[in-house]
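Enquirer: predicted coordinates and the sequence they were generated for:
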Amino acid sequence: MRHYSLALLSLSLASPPGAAGTEPATTLEPVVVTASREPEPRSEALAPVLIIDRDTIERSPGADVGDLLRFNAGIDVVRSGGPGQETSLFIRGTNSNHTVVLIDGVRINPGTVGNPAIQNIAPEFIDHIEIVKGPRSTLYGTDAIGGVINIITRQPAGSGFDVVAGGGRYDTRNAGAAAYDSGSAGSVSAAVNWVESAGYPTQAGDPADRGFRDVSLSAAARTQLGGLELGARVWGARGNTQYSDLFSTPIGQDQNYLDSALAANVGGALSEALHTRLLVSQFVDDLRQAQSPDYETTRRTTFDWQNSADLGAQKLTFGGLASRENTRSSVFGTNFDVDTSEDTWYVEDRATFGPHRLLAAVGYTHHETFGGHATWNAEYGYEAGAATLLTAGFGTAFRAPDSTDRYGFAGNPSLKPESARNLELGFRQRLDEHQGIVLSAFENRIDNLIQYVAMPTVDDPFFGVNENVDRARIRGLEAAWEYSDDDWQARAAASRQDPVNRADGSTLLRRAKASATLSLARKLGIQQAGLDLLTSGPRADIDNFGDPVHDGGYTLVNFFWRATLSRGLSLQARLENALDKRYELANGYFTPRRGLYGALRYDFR
């Protein structure tokens, strides 16, 4: 169970250009930065990219980042209990520690356990989320086997303030406020958010409600000085989460977290074609158990130096990341205090020659424990007409074992890095100015997967060691359709995947072979209404003693409504799990029943 907060610098984005030849000149196409580390229209990114925009976030009162992500086919989100509980991500069938999670481009994966605590990121702070599927270790180093998720924080324009207050089932209450000012000299902003819930029984055999509370705040400033772009951000959070242990102990368990981080950047143009930027950040995550002296702490300082050169038909991006990390832990009687250094260098070339688009990137990561590891990406796109794009991509990625893998419970200092090879084919078709479809087929092969192995000579499932014993092969097909006009917003997507453990032919745990989602939103004057639907197939799982079980498939339907009451004042409501479906994301852990949530928002500019 992990929690965090951070302070990060927001990336500067150019004004998004329109999609030439496919949309009216007045329509602005979303710009993404995660796929290539440089701003580019989403249609020009050769890798598959999903965007969760601010409108979707605002119509989801009470939702956390995990809820926002799970309503996208091909992304399995598993929560061990209710809101505020540990949350894991599985992108395209890869492991939960095979995804790099960023906020404004800075990594927030802890060094002790690979799962970042996305359940504690307040949606109020988010402008949009970019999801890139496929290997990206070349640009982001270790862990980027399944993909990269970049959470972009809000940067309101102009001057003003906004407040929001809401609540719902399980005695959930939340409130937030933000103030901001911007002009020719730069911008400043500050925000605070509070959320608390009494929760509900989270695990079979434990009838007690398990709740949580969190208070987060942030402040940021940006300006220009002598042609240089300067920026800084600070973010902090304090909270408490109650949970059930593996054996449903009737005595309440809870943990406290206090986290903070700082980040600053400086950048500017060295010439008309060459731009450079340096970002320095420090991330601290401190988690303390209330019923025991156990703790986990990550402290990481990162230097991220990035350069871009515009050579006309070619755009070159090159730079490096230097990470210096200290992890400390005392859990289950194991203790460690480990310093780890990791350096990544990369160069990427994007080129356009007529209907042909090319991307070639190579990266080299030096880990002080595991030595050097080279990765690469090669992607090709062919415009078969003004509205059709065919793509092919190849890439490699790796994951270095974290401190807990090596020195924690069942730790093994002799572990090797996990490695992956990915092939992808894609087809994109713009049907008209309002709608388009995307089709993808992929295969990802992963070697040296780390797995906990119980000792065969000891009759105790909790006596074992981590080993590089598994190999995975994940094949899949994805399809998506999007529609947008002045009144309607719609998106439908489906995923079919086969995540196989090649060591024994079994299905990888907690990953559905099939899933589908549908999102509809309709404007009706001052009102907006719609629904979100998610259907997911059954998943293989294990119980608390490691015995194989299955979690059944399920279908969720959420309804939302929003109305503008007056200038700047809006009321919104959301009915979660409208069918009151009973289901499990992790075996033995309950999920929320039907619940009504609402919020009142005032935005003054």
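Expert: Perfect, thanks for sending it. Numbers count the residues shown, from 1 in each chain.

Enquirer: I'd say Thr112 and Asp294 touch.
Expert: No - using CB atoms under 8 Å, Thr112 is not in contact with Asp294; the gap is 11.6 Å. C-beta: built from backbone N, CA, C; applies to glycine.

Enquirer: more neighbours: these two, which one.
Expert: Each of Thr112 and Asp294 has its neighbours counted (other CB atoms under 10 Å); Thr112 has more, 24 against 17.

Enquirer: need the pLDDT of that one.
Expert: Note on Thr112: pLDDT of 89.

Enquirer: what mean pLDDT does the helix or strand encompassing Ala237 get?
Expert: Using DSSP states H and E, Ala237 maps to strand 228-243. Strand 228-243 carries an average pLDDT of 89.

Enquirer: strand partners of that strand, parallel vs antiparallel please.
Expert: Strand 228-243 pairs in its sheet with strand 210-225 (antiparallel), strand 253-269 (antiparallel), by DSSP bridges.

Enquirer: what sits against the closest residue to Glu196 other than its chain neighbours?
Expert: Closest residue to Glu196 apart from its sequence neighbours, by CB to CB, 6 or more residues apart in numbering: Arg213 at 4.1 Å. Going by CB atoms under 8 Å, 6 or more residues apart in numbering, Arg213 touches 194-197, 239-240.

Enquirer: please repeat the previous calculation with a cut-off of 6 Å.
Expert: Applying CB atoms under 6 Å, 6 or more residues apart in numbering, we find Arg213 in contact with 196, 239-240.

Enquirer: looking at these, which is nearest Arg605?
Expert: Nearest to Arg605, judged by CB to CB, of those is Glu196 at 28.9 Å.

Enquirer: tell me if I'm right that the closest one and Arg173 touch.
Expert: Yes - counting by CB atoms under 6 Å, Glu196 touches Arg173, with 5.3 Å between them.

Enquirer: the two: who's more crowded?
Expert: Remark: of Glu196 and Arg173, Glu196 carries more neighbours, 19 against 16, as counted by other CB under 10 Å.

Enquirer: surely that one forms part of a strand?
Expert: Yes - assessed with DSSP: H, G, I helix; E, B strand; the rest coil, Glu196 lies in a strand.

Enquirer: quick check: the gap between it and Gln119.
Expert: 14 Å (CB to CB, to the nearest Å).

Enquirer: and what of Asp181?
Expert: Distance check for Asp181 against Gln119: by CB to CB, it reads 31 Å.

Enquirer: compare the two (neighbour count), which wins?
Expert: Under the criterion of other CB under 10 Å, the comparison of Asp181 against Gln119 puts Gln119 first, with 25 against 15.

Enquirer: ok, the more buried one - contacts?
Expert: Residues in contact with Gln119 (CB under 6 Å, 6+ apart) are 64, 66, 84, 87.

Enquirer: under a three-state scheme, what state does Leu69 occupy?
Expert: Secondary structure, three-state DSSP: Leu69 is helix.

Enquirer: wait, it touches Ile75, no?
Expert: Yes - contact status for Leu69 versus Ile75: in contact at 5.4 Å, counting by CB under 6 Å.

Enquirer: which of those two has more neighbours?
Expert: Ile75 (24 against 20).

Enquirer: please name the bridge partners of the more buried one.
Expert: Ile91.

Enquirer: give me every residue that touches the spatially most central residue of the chain.
Expert: With distances taken as CA atoms, centre = their mean, Ile149 lies nearest the centre of the chain, 3.7 Å away. Going by CB under 6 Å, 6+ apart, Ile149 touches 101, 131.

Enquirer: got the phi/psi numbers for it?
Expert: Here is the backbone geometry of Ile149 (degrees, to the nearest 10): phi -120, psi 120.

Enquirer: identify the bridge partners of it.
Expert: Val101, Ile131.

Enquirer: ditto for Asp310
Expert: With DSSP bridges as the rule, Asp310 is bridged to Lys315.

Enquirer: I'd say it and Ala273 touch.
Expert: Yes - the criterion here is CB under 6 Å, and Asp310 meets it with Ala273 at 4.7 Å.

Enquirer: look up how far Thr56 lies from the residue nearest to the centre of the chain.
Expert: 15 Å.

Enquirer: same question for Asn256.
Expert: On the measure of CB to CB, Asn256 and Thr56 end up 32 Å apart.
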